Every structure is written in C-alpha cells, then in structure tokens.
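Chemist: Next comes the sequence, and after it the predicted model I'd like to discuss.
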Amino acid sequence: MTQTTEAPAAATTKQSPVLSLRGITKRFGAVQALTDIDLDVYEGEVVALVGDNGAGKSTLVKVMAGVHPQDEGTITFDGRTVHIGSPAESRDLGIATVFQDLALCDNLDVVANLFLGHEKTTGGTLDEVGMEKESWELLRQLSAKIPSVRIAVASLSGGQRQTVAIARSLLGDPKVVILDEPTAALGVAQTAEVLNLVERLRDRGHGVILISHNMADVQAVADRVVVLRLGRNNGEFTIADTSYEDIIAAITGATDNAVTKRAASKLTVQVEALEDAPADSAAAAPAAQDEASTEGENR
Ligand SMILES: Nc1ncnc2c1ncn2[C@@H]1O[C@H](COP(=O)(O)OP(=O)(O)OP(=O)(O)O)[C@@H](O)[C@H]1O
Ligand SMILES: [Mg+2]
C-alpha cells in the first residue's frame, strides 16, 4: 500500500469523513462503469448506495475493496490520501467488505468460518477454546441469534449466514463496513434481523455503506442515501426529510413527480436550450437530470 501524506493524519472527527472518494472513474475496456463519483462516509452512520441495475454500485464497492482500483480520482481514508491496490490493502486500512456471495465455507462450523485464514494458535496448536470464546463474544455484541457456534454454516438460515459473514468482517476492527445487498435473499423476519445488525454496527461507531435495491430497508436504517445512475452521482438525500418518491425519481431519472417538476420549472431556460440543441448533444441531458435531482437534495 502506498500512502501519500497530504494533510496531517488527523483523527477523524464528526466533521471529517473517515472514507472519502472524489472524482472516481473506472473503465472496463470501452465500458465507462463509473464517471467522476464522489462519496463520503462518516463514522457512526449508515449510507445507502442505491441505483438501478448497471448503475455502478458493485463497481464502486470493488474500487473501495481493492478488487478493481480506480482509473482516476482520489481516495482519502482517515485524513490521508491512499491507494487501494488490492483486497489486502483495503482490509489493512480498515475497510471490511461483505460481498453478496458471502464466501462462507458451508461444511465448516461458525468458529472455523469466523477465523478462516486468521486462526488463533497456542503452542503450535489451534486455540479452539479461545476462538470459540471470541466467537460468542462477537455474536453477543451483535445480539446475533445463532443457536450454536459449533454447527456447520450449511445448517444456518440465510439471515444467520449473513450474520456470520458480517461478524467475520468485524474481526479486524474495521472503521468502514461495506455490505453488498445483505437482505436480497432474505425473508421478512431475517431481513429485520439483518437490519438490526446494521444498526448495531452504526452504534458501535462503524461507518456502514449499505448497497440495497429495497427502499423499505434503506428507509428503515440509512441516515443518508447516495444515488448512482448510469455510473454517475445522481443525488444525495438525508433520509429523515426525503420521500420514497424522491429517491425513486433520482434512481430512474424520472421527471414526472412533484419534486423534480418543481426543480425542472426553475431550470426552464436550460431545458429549453437543451431541447433546441442538435441531437448529437444528447450526452448533455443527464447533466440536466443531475441538476434537477440535486435541487431536491438535503445535505
Ligand atoms: N468486469 C467487468 N467488465 C466489463 N464491464 C463491467 C465489469 N464489471 C461491471 N461492468 C459494467 O459496468 C457497469 C456497472 O456495473 P455494476 O455491476 O457496477 O452495476 P450495479 O449497480 O452493481 O448493478 P446491479 O444492481 O445489477 O448489481 C455495467 O455496465 C457493467 O456491465
Ligand atoms: Mg451489483
């Protein structure tokens, strides 16, 4: 990991984000997956990252997780500009990512899964007792409902498996936890469990980035919502004073709701100019949507 110290490595305060992305651009050959993305995450908050299929959410997660380093843009962690060149560098910084597939070993028990690759040893043998105690302690802190830490992960429910994957991500004491669609495959009760867990992560002071397609989940636990559309930022909202419709409009780029209409009416001049422009300037249209949606944002 290469670190360029720009500012003094000041401890993160409430005023400065623990993780800050600026101008992140990522291309896959001819595909422009991300263009000029900004994202801030503060400690002790849940930021929902939402957007339609192909909006660039997973790509942005992979940039932060060190899987696909960005082509352009800067990442600041804890006040320092950092280069995240690999998953190990991301973890070492203090960013834990729980990918959608969870990457659990079904045939191993909960303890083995939690400590996989980081086993504790005493005098050359596995410290099973120590690992089991630590497992229970971690799950207790998360108020996780796991019947036994000695049963194979295969026999756990979807919500319990998600809990184990999240618990595992916490072992390195990360500052930021990224959860990619943690409730996608879960039923109602299990979803509620995982949302409780997300709140507990926030209470423990982690900055949480929650990727979700489910607006009910987002509205239940997120403090802020960052919307991506076609690989660009398309609005940022404080959840407390934002309606479901506002978020959906930003996700879809719709202009047929009250908020965007109100914003659009203020942009009449620009919109008319766009309409008059030749067809080959269609690329300018998303910019108008950007402005329309930021008009409704609440920073
Ligand atoms: N490895 C890759 N190679 C080529 N193109 C890619 C790659 N990964 C992502 N893309 C493209 O980048 C764009 C953003 O994809 P991404 O998976 O980040 O979207 P997403 O918001 O996570 O969508 P979904 O909600 O469907 O998961 C898409 O056009 C996708 O096809
Ligand atoms: Mg995705």
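Modeler: Received it, and whenever you're ready, just let me know what you need. Ligands and ions are numbered 1, 2, ... in the order given.
Chemist: SS state for the residue nearest the centre of the chain?
Modeler: With distances taken as C-alpha atoms, centre = their mean, the residue of the chain nearest its centroid is residue 209 (2.8 Å). Secondary structure, DSSP: H, G, I helix; E, B strand; the rest coil: residue 209 is strand.
Chemist: I'd say residue 62 and residue 68 touch.
Modeler: Yes - with contact defined as C-beta atoms under 8 Å, residue 62 counts as touching residue 68 (4.3 Å). Where you see a C-beta, it was placed from the backbone N, CA and C, and this is true even at glycine.
Chemist: Pick out whichever of the two has more residues nearby.
Modeler: residue 62 (22 against 18; other C-beta atoms under 10 Å).
Chemist: between the particular helix or strand that has the more buried one in it and strand 207-211, how many degrees?
Modeler: Assigned by DSSP states H and E, residue 62 belongs to helix 57-64. Interaxial angle of helix 57-64 relative to strand 207-211 (axes from the mean of the first three to the mean of the last three C-alpha atoms, to 10 degrees): 150 degrees.
Chemist: For the residue nearest to the centre of the chain, which residues are in contact?
Modeler: 39, 41, 47, 49, 61, 64, 176-179 (C-beta atoms under 8 Å, 6 or more residues apart in numbering).
Chemist: Can you tell me which of these is closest to residue 247?
Modeler: residue 49 (11.8 Å; C-beta to C-beta).
Chemist: Can you give me every residue that contacts the closest one?
Modeler: Taking C-beta under 8 Å, 6+ apart, one finds 39, 57, 60-61, 209-212, 226, 228 in contact with residue 49.
Chemist: same thing but 10 Å
Modeler: Listed by C-beta atoms under 10 Å, 6 or more residues apart in numbering, the contact partners of residue 49 are 39, 41, 55-58, 60-61, 178-180, 209-212, 218, 222, 224-228.
Chemist: Which residue is the nearest non-sequential neighbour of it?
Modeler: residue 211 (4.9 Å; C-beta to C-beta, 6 or more residues apart in numbering).
Chemist: number of nearby residues for that neighbour?
Modeler: Count around residue 211 with other C-beta under 10 Å applied: 23.
Chemist: Tell me how far it lies from residue 100.
Modeler: Distance of residue 211 to residue 100, computed by C-beta to C-beta, to the nearest Å: 8 Å.
Chemist: any residues in contact with both of those two?
Modeler: With C-beta under 10 Å, 6+ apart as the test, residue 211 and residue 100 both reach 58, 61, 179-182, 184.
Chemist: mind giving me CSV with those and columns for pLDDT?
Modeler: As requested, the shared contacts of residue 211 and residue 100 are arranged in CSV below (pLDDT from 0 to 100):
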residue, pLDDT
58, 92
61, 95
179, 93
180, 91
181, 88
182, 85
184, 82
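Chemist: check the residues you listed against ligand 1, which are close?
Modeler: residue 58 (C-beta under 6 Å from any ligand atom).
Chemist: Residue 62 reaches residue 86, doesn't it?
Modeler: No - in this structure residue 62 lies outside contact range of residue 86 using C-beta atoms under 10 Å: 11.6 Å.
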